[in-house]
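# I'd like to go over a predicted model; first the sequence, then the structure.
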Amino acid sequence: CSKTCGSGIQVREVKCYQGEELVTRGHSCDSALKPEARQSCEIRSCPSDAAAASAAADESCHDKPTANCALVLKVKLCSHWYYRKACCQSCKAPRP
């Protein structure tokens, strides 16, 4: 497939044989029997830009060692942008 995600094209070389002889351009092949040389393909859908950015953010999300994230969770400061960023791993974890 020409693309790793989304719609692409598969291309193959199609040759015409009569018995074991390759038919050259001067001779005609039966077009009804000739398989297609191109077809569309899609290996998988492409992730959206937002999903890709979110996945990248998840991989780089670590609590800062200087932030007291246990206390941030206890006093419910995850709604504040600074603590949400400083304690991103703790703040996104499901709470019991």
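Cool, got the structure.
# Low-confidence ranges, this protein, go.
Applying pLDDT under 70 to the chain flags the ranges 25-27, 49-59, 94-96.
# what ranges do the strands span in the chain?
With strands called from DSSP state E, the chain shows them at 8-11, 17-18, 21-22, 38-41.
# so can I have TSV of those showing mean neighbour count and distance to residue 65?
From N, CA and C alone the C-beta is placed, and that goes for glycine too. Shown next, in TSV, are the strands of the chain (neighbours: other C-beta atoms under 10 Å; distance: least, C-beta to C-beta, whole Å):
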stretch	mean neighbour count	distance to residue 65
strand 8-11	12	45
strand 17-18	9	70
strand 21-22	10	70
strand 38-41	11	48
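# Indicate which one of the ones you listed is closest to residue 93.
For residue 93, the closest of those is strand 8-11, at 38.6 Å, according to C-beta to C-beta.
# In this structure residue 92 contacts residue 61, no?
Yes: with contact defined as C-beta atoms under 8 Å, residue 92 reaches residue 61; the gap is 7.0 Å.
# Make CSV out of the strands of the chain and add distance to residue 82.
Below are the strands of the chain laid out as CSV (distance: least, C-beta to C-beta, whole Å):
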stretch, distance to residue 82
strand 8-11, 44
strand 17-18, 72
strand 21-22, 72
strand 38-41, 47
